[in-house]
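Undergrad: Sequence first, then the predicted structure, then my questions.
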Amino acid sequence: MRFRSLAELDAEVVGCRACPRLVAWREEIAVVKRAAFAGETYWARPVPGFGPPDASLAIVGLAPSAHGANRTGRLFTGDPSGDVLFKALHRVGVASQPTSTHIGDGLELRGTRMVSPVRCAPPANKPTPEERETCRSWLAAELELLKPTLKAVVVLGAFGWQALLPVLAEAGWPVPAPRPKFGHGAELELGDLRLFGCYHVSQRNVQTGRLTLDMVCDVLASATSAAGLN
Ligand SMILES: O=c1cc[nH]c(=O)[nH]1
């Protein structure tokens with residue numbers, strides 16, 4: 001294995017400059033900024049996973065948002081997607097508080113690690129298939145390190161689902177062929193690992209009513225139970 005620990009992986013991933021388009025974008029945003037954050041220094045680097053290294057539950061998202069994790073340096077922190085997600089994680093008992101505003105705000109996750117298939121903020125929140133492929137080795141390394149304790153994964157959206165299944169198959173989990181499709185409420189049993197599909201907690205999904213806080217909590221409750229966390 002390339003990394004001996006998640007701490008080692010996290011320390012290395014933040015220096016990645018593999019995708020020129022993403023490097024340019026994450027750094028440009030940090031200069032232009034959003035007016036509300038004009039006084040802040042943006043993180044403007046790849047965002048590592050967040051949560052304990054012996055997690056039994058993983059939450060797989062999409063990519064850091066421009067003025068959220070790309071600003072704060074922590075996944076789902078400081079953006080509207082995180083507002084919903086952390087409320088739900090707190091409600092099911094794995095987040096110490098319902099909000100996540102900045103590193104050092106006191107938030108802790110119990111038995112749960114957030115992982116991003118793409119580590120840099122992409123223009124229009126849309127990584128290219130090439131960028132997803134380039135970032136895949138980080139996702140693979142993170143799952144390999146989590147494997148000894150991992151029991152359940154919640155995948156937020158089709159992008160994460162498509163990124164994750166090949167990585168799980170390569171790491172030895174019995175992923176069926178053809179690969180099962182993503183859907184909200186989809187559930188897969190891959191040997192000792194349970195996979196749960198959930199619509200992404202994006203502002204658009206929530207504002208249009210496609211996804212409600214209760215729907216997120218329902219999926220998380222099943223997943224935390226499968227992960228032995230409640
Ligand atoms: O997947 C996502 C979406 C928003 N913010 C993140 O950090 N990840």
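TA: Sure, I can see it.

Undergrad: Now do the helices in the chain.
TA: Secondary structure of the chain by DSSP state H: the helices cover 6-13, 20-32, 69-72, 80-91, 129-146, 158-170, 203-207, 213-226.

Undergrad: right, so those: which one is the most enclosed?
TA: For the helices of the chain, the largest average neighbour count (mean count of other CB atoms under 10 Å) is found in helix 69-72, namely a mean of 27. No exception for glycine: its C-beta is placed from N, CA and C like everyone else's.

Undergrad: For it, give the mean pLDDT please.
TA: Per-region confidence: helix 69-72 scores 98 on mean pLDDT.

Undergrad: can I have that helix written out in CSV, keeping just the CAs?
TA: C-alpha atoms of helix 69-72 as CSV (Å, rounded to 0.1, in the frame of the first residue of the first chain):
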residue,chain,number,x,y,z
ALA,A,69,-14.9,23.4,1.0
ASN,A,70,-12.6,25.3,-1.4
ARG,A,71,-12.8,28.2,1.1
THR,A,72,-12.9,26.4,4.4
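
Undergrad: quick check, it touching the ligand?
TA: Yes: on the criterion CB under 6 Å from any ligand atom, helix 69-72 is in touch with the ligand at residue 69.

Undergrad: CA atoms only: put stretch 134-152 into CSV for me.
TA: Taking Å, rounded to 0.1, in the frame of the first residue of the first chain, the C-alpha atoms of stretch 134-152 are listed here in CSV:
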residue,chain,number,x,y,z
THR,A,134,-7.2,11.2,-12.5
CYS,A,135,-8.5,11.6,-8.9
ARG,A,136,-9.4,8.0,-8.7
SER,A,137,-6.2,6.8,-7.1
TRP,A,138,-6.8,9.1,-4.0
LEU,A,139,-10.3,7.5,-3.6
ALA,A,140,-8.9,4.0,-4.0
ALA,A,141,-6.1,4.7,-1.5
GLU,A,142,-8.6,6.1,1.0
LEU,A,143,-11.0,3.1,0.7
GLU,A,144,-8.1,0.7,1.1
LEU,A,145,-7.1,2.4,4.3
LEU,A,146,-10.7,2.4,5.6
LYS,A,147,-11.3,-1.2,4.5
PRO,A,148,-10.5,-2.9,7.8
THR,A,149,-13.3,-1.1,9.6
LEU,A,150,-15.7,0.0,6.9
LYS,A,151,-19.2,-1.6,7.0
ALA,A,152,-21.4,0.9,5.1
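
Undergrad: Run the chain-centre distance for stretch 190-199.
TA: 15 Å (CA atoms, centre = their mean, to the nearest Å).

Undergrad: gap between the two ends of it?
TA: Taking CA to CA, to the nearest Å, the first and last residues of stretch 190-199 lie 20 Å apart.

Undergrad: Check whether that stretch comes near the ligand.
TA: No: applying CB under 6 Å from any ligand atom, one finds stretch 190-199 separated from the ligand by no less than 11.6 Å.

Undergrad: tell me the mean pLDDT over that stretch?
TA: 98.

Undergrad: mind listing what's buried in it?
TA: Going by neighbour count (16 or more other CB atoms under 10 Å), the buried part of stretch 190-199 is 190, 193-199.

Undergrad: Any stretches of the protein with poor pLDDT?
TA: Scanning the chain for pLDDT under 70 picks out 1.

Undergrad: Flag every residue of it that's near the ligand.
TA: Residues of the chain lying near the ligand (CB under 6 Å from any ligand atom): 61-65, 68-69, 75-76, 79, 81, 116.

Undergrad: now, the most widely separated pair of the residues you listed?
TA: The two members of the residues of the chain next to the ligand with the most space between them (CB to CB) are 79 and 116, at 12.7 Å.

Undergrad: Overlap in contacts, these two.
TA: residue 69 (CB atoms under 8 Å, 6 or more residues apart in numbering).
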